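Undergrad: give me a 3D structure for the following:
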Amino acid sequence: MSMKRTVVYFFKKLHWSTTRAMWRSSRFSKLVFVIFVGLATLSLREISRAENRYDEFVYREYQDPERDKFLHGQFIQNFSWGVATAAYQIEGAWNEDGKSPSVWDTFSHTPGRTHNNQSADMACDSYHKYHEDVAMMKSMGLTHYRFSISWSRVLPDGTRSKVNQAGVDYYHKLIDALLAANILPMVTLYHWDLPQALQNIGGWENDIIAVHFDNYADFCFNEFGDKVKFWITLNEPYVFSKVGHEAGIHAPGLKHQGTTVYRVAHNALKAHAKAWHTYNERYRPTQKGKCGITLNCSWGVKGTDSEADKAAAERYMQFGFGWFANPIFVNGDYPEIMKEQILKKSLQQGLTASRLPEFTEEEKQLIKGTADFLGANYYTTVYVGHKERQVMPPGFFKDQDFMTWDDENWPTSGAGWIKAVPWGFREFLKWIDKTYNHPIIYITENGVAEYSEEDPMLEDTWRIQYHTSHINEMLKAYKLDGIDIRGYTVWSLMDNFEWAEGYASRFGLFYVDYRDPHRTRIPKASASAYARIIRNNGFPEPSTSLLW
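TA: I've put the predicted structure just below:
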């Protein structure tokens, strides 16, 4: 226990034990009692303020007084404070109660695909421990919980020909438990775990996937929509398109260079649009919810002031974020720079047409405007510089003609790809706001990891620092830049199966003991720190009364 916590504990114990004794004594003692209570209460308030007072600069690495200075203030009333998980990463029960395999079950069961050949067969066992998960969330005062539905748990072959009632019942029980705890469900329909049965007929490469996804979405809207008012169609389509179908390090593990990645994304956009229209036309009038999409990207900073690097940084953002955001939020089509670059490279490779598929005019109209909000996931920032890439063999990164790097002085983390750059978060939000005509934004993921195979790191000061600084930059974007930010979601509620990296990369506010068959959860210090921010709806001025 820290000195600060010890002092708080001492004052609380002294305060209440002494007051009981003094109140039972004489009139004089009661007068002394009143004075004592006043002084003790003032002391507790001062301690509370000390606990909620932040350094002028959260990171010593960032000391720009105009950019990095801490801002006190609060968010809009009814701001959404949440945590996020994904079905495959936490549920376990991979083959129980009628669930069929997903592509991630197949992938993780293939030797050499994941860290130490680990799988999420049991994961955090949330399929059996969801009540405990909800209690953890309630203890922090969360208003929302973002989780995903396992497609193959409710529709084993991916179609509505067979419904797995046990899987449907599980999600009803989870949603009911959340609502009973006054926590609103934010449901992601697809977080990368495609039913293997659909992968067997081509998966996201097959145009028919848009129809199957729409039918699955329709089923979920109809089944859960009376209780769920916040839907996300797809989580990070960039990742399952690029990392799953070209890099091959995520399920389904394909290494098709330069073409499949674009076909997968093309079908994902059409699937999203179909599902949004289904909700908008069939369910919104009665259910009165909202439906959007979650996209991800690191913020790309120009490496130098040269025009070439400035253009490269914009290409980086358009290929990474605009790939999906431009069709949905701008004009129904891919960014012009993507079309130009991929056509140029395709012609240089001896092709007669671009490797990037084209939307018909009807499809553009179908896709444009299909989001009630933009879900944004941010973790880190990179520098971007222009670099001509070789023409052959074709590839997604080679199409972009850039290179990226980070600053060795930026704070590191337990995940090699994440360096803490909070000011990049604000710049990212400003770019989204300007580029996509001021959309409603929800931060649907933001987090940092420690690396530990087994030992708990419960005093996770680095995570407290990371979330404090990033939430404060989000506050600046809201109060100073006028950006319409409605919510913030920590990745993640608890340590879980971090895809190909297995269990050693831990993002959770709660530690999970994977050696324990009961998968014991233990709160880290960051859980109480986040709860304090939630209670105060941000960072009130130190002179104001703060909530414990």
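Undergrad: bridging residues for the residue nearest the centre of the chain?
TA: The residue lying closest to the centre of the chain (Cα atoms, centre = their mean) is residue 445, at 1.9 Å. For residue 445, the beta-bridge partners under DSSP bridges are residue 377.
Undergrad: for the stretch 251-400 of the chain, which spans come out with low pLDDT?
TA: Within the stretch 251-400 of the chain, no stretch has pLDDT under 70.
Undergrad: can you pull out the strands in it?
TA: Taking DSSP state E, counting those that start in this stretch as the criterion, the stretch 251-400 of the chain contains strands spanning 290-296, 299-302, 374-377, 381-386.
Undergrad: the second one - contacts with which helices or strands?
TA: Pointing back at strand 299-302 there. The contact analysis (3 or more Cβ pairs under 8 Å, 6 or more residues apart in numbering; DSSP states H and E) places strand 299-302 against helix 307-317, strand 381-386, helix 422-435. Where you see a C-beta, it was placed from the backbone N, CA and C, and this is true even at glycine.
Undergrad: what's the spacing between that strand and its chain's center?
TA: 20 Å (Cα atoms, centre = their mean, to the nearest Å).
Undergrad: partners of that strand in the sheet?
TA: Sheet pairing of strand 299-302 (DSSP bridges) gives strand 381-386 (parallel).
Undergrad: OK, contacts around residue 351?
TA: Contacts for residue 351 (Cβ atoms under 8 Å, 6 or more residues apart in numbering) come out as none.
Undergrad: still on that earlier bit, could I get the strands of the stretch 251-400 of the chain as JSON lines with distance to residue 280 and mean neighbour count?
TA: JSON lines is the format used below for the strands of the stretch 251-400 of the chain (distance: least, Cβ to Cβ, whole Å; neighbours: other Cβ atoms under 10 Å):
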{"stretch": "strand 290-296", "distance to residue 280": "7", "mean neighbour count": "24"}
{"stretch": "strand 299-302", "distance to residue 280": "31", "mean neighbour count": "22"}
{"stretch": "strand 374-377", "distance to residue 280": "16", "mean neighbour count": "24"}
{"stretch": "strand 381-386", "distance to residue 280": "35", "mean neighbour count": "21"}
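Undergrad: got these as a markdown table, with distance to residue 54 columns?
TA: Listed next are the strands of the stretch 251-400 of the chain as a markdown table, based on distance: least, Cβ to Cβ, whole Å:
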| stretch | distance to residue 54 |
| --- | --- |
| strand 290-296 | 27 |
| strand 299-302 | 23 |
| strand 374-377 | 24 |
| strand 381-386 | 21 |
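Undergrad: so residue 145 makes contact with residue 185?
TA: Yes - at 6.0 Å, residue 145 and residue 185 qualify as touching, with contact defined as Cβ atoms under 8 Å.
Undergrad: next, show the common contact partners of these two.
TA: With Cβ under 8 Å, 6+ apart as the test, residue 145 and residue 185 both reach residue 178.
Undergrad: neighbour count winner among the two?
TA: A count of neighbours by other Cβ atoms under 10 Å puts residue 145 above the other of residue 145 and residue 185, at 25 against 22.
Undergrad: beta partners of that one?
TA: Beta-bridge partners recorded for residue 145 (DSSP bridges): residue 83, residue 185.
Undergrad: residues in contact with it?
TA: By Cβ under 8 Å, 6+ apart, the residues touching residue 145 are 82-84, 134, 137, 178, 183-186, 493.
Undergrad: in terms of pLDDT, where does the nearest residue to residue 154 once chain neighbours are set aside sit?
TA: Of all residues not flanking residue 154 in the chain, residue 167 sits nearest, at 4.5 Å (Cβ to Cβ, 6 or more residues apart in numbering). Per-residue confidence (pLDDT) for residue 167: 98.
Undergrad: same question for the one 10 residues further on.
TA: The per-residue pLDDT reported for residue 177 equals 98.
Undergrad: what does residue 455 give?
TA: In this model, residue 455 carries a pLDDT of 88.
Undergrad: same question for residue 56.
TA: At residue 56, the predicted lDDT confidence score is 84.
Undergrad: quick one, what contacts the closest residue to residue 164 other than its chain neighbours?
TA: Among residues not flanking residue 164 along the chain, residue 98 sits closest, at 4.0 Å (Cβ to Cβ, 6+ apart). For residue 98, the contact set (Cβ under 8 Å, 6+ apart) comprises 153, 156, 164-167.
Undergrad: could you rerun that using 10 Å?
TA: Residue 98 makes contacts with 152-154, 156, 162-168, as judged by Cβ atoms under 10 Å, 6 or more residues apart in numbering.
Undergrad: swap in residue 182?
TA: By Cβ under 10 Å, 6+ apart, residue 182 lies in contact with 138, 141-143.
Undergrad: go on, residue 449?
TA: By Cβ under 10 Å, 6+ apart, the contact set of residue 449 is 379, 413-418, 460, 462-463, 466, 491-492, 495, 498, 501, 504-508.
Undergrad: please pick the buried ones from those residues.
TA: Buried members of the contacts of residue 449, counted by 16 or more other Cβ atoms under 10 Å: 379, 413-415, 418, 460, 462-463, 466, 491-492, 495, 498, 501, 504-508.
Undergrad: quick one on the thing from earlier: which two from the contacts of residue 182 end up farthest apart in space?
TA: Maximum pairwise distance among those (Cβ to Cβ): 10.7 Å, between 138 and 143.
Undergrad: the host helix or strand of residue 105: how far from the chain's middle?
TA: According to DSSP states H and E, residue 105 maps onto helix 103-108. Mean-position distance between helix 103-108 and its chain equals 22 Å (Cα atoms, centre = their mean).
Undergrad: would you tell me what the next helix or strand after it is?
TA: Past helix 103-108, the next helix or strand by DSSP H and E is helix 126-140.
Undergrad: sorry, back to before: would you turn the contacts of residue 182 into CSV with pLDDT and neighbour count?
TA: Output for these, formatted as CSV (pLDDT from 0 to 100; neighbours: other Cβ atoms under 10 Å):
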residue, pLDDT, neighbour count
138, 98, 16
141, 98, 16
142, 98, 25
143, 98, 16
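Undergrad: closest one of those residues to residue 330?
TA: Distances from residue 330 to the contacts of residue 182, taken by Cβ to Cβ, are shortest for residue 143, at 30.9 Å.
Undergrad: can you give me the distance of that closest one to residue 352?
TA: 54 Å (Cβ to Cβ, to the nearest Å).
Undergrad: likewise residue 324?
TA: Residue 324 sits at a distance of 27 Å from residue 352 (criterion: Cβ to Cβ).
Undergrad: which of these two has more neighbours?
TA: residue 324 (26 against 6).
Undergrad: what residues are up against the residue nearest to residue 270 when sequence neighbours are not counted?
TA: Of all residues beyond its chain neighbours, the one nearest residue 270 is residue 210 (4.3 Å), with distances taken as Cβ to Cβ, 6+ apart. Going by Cβ under 10 Å, 6+ apart, residue 210 touches 204, 266-275.
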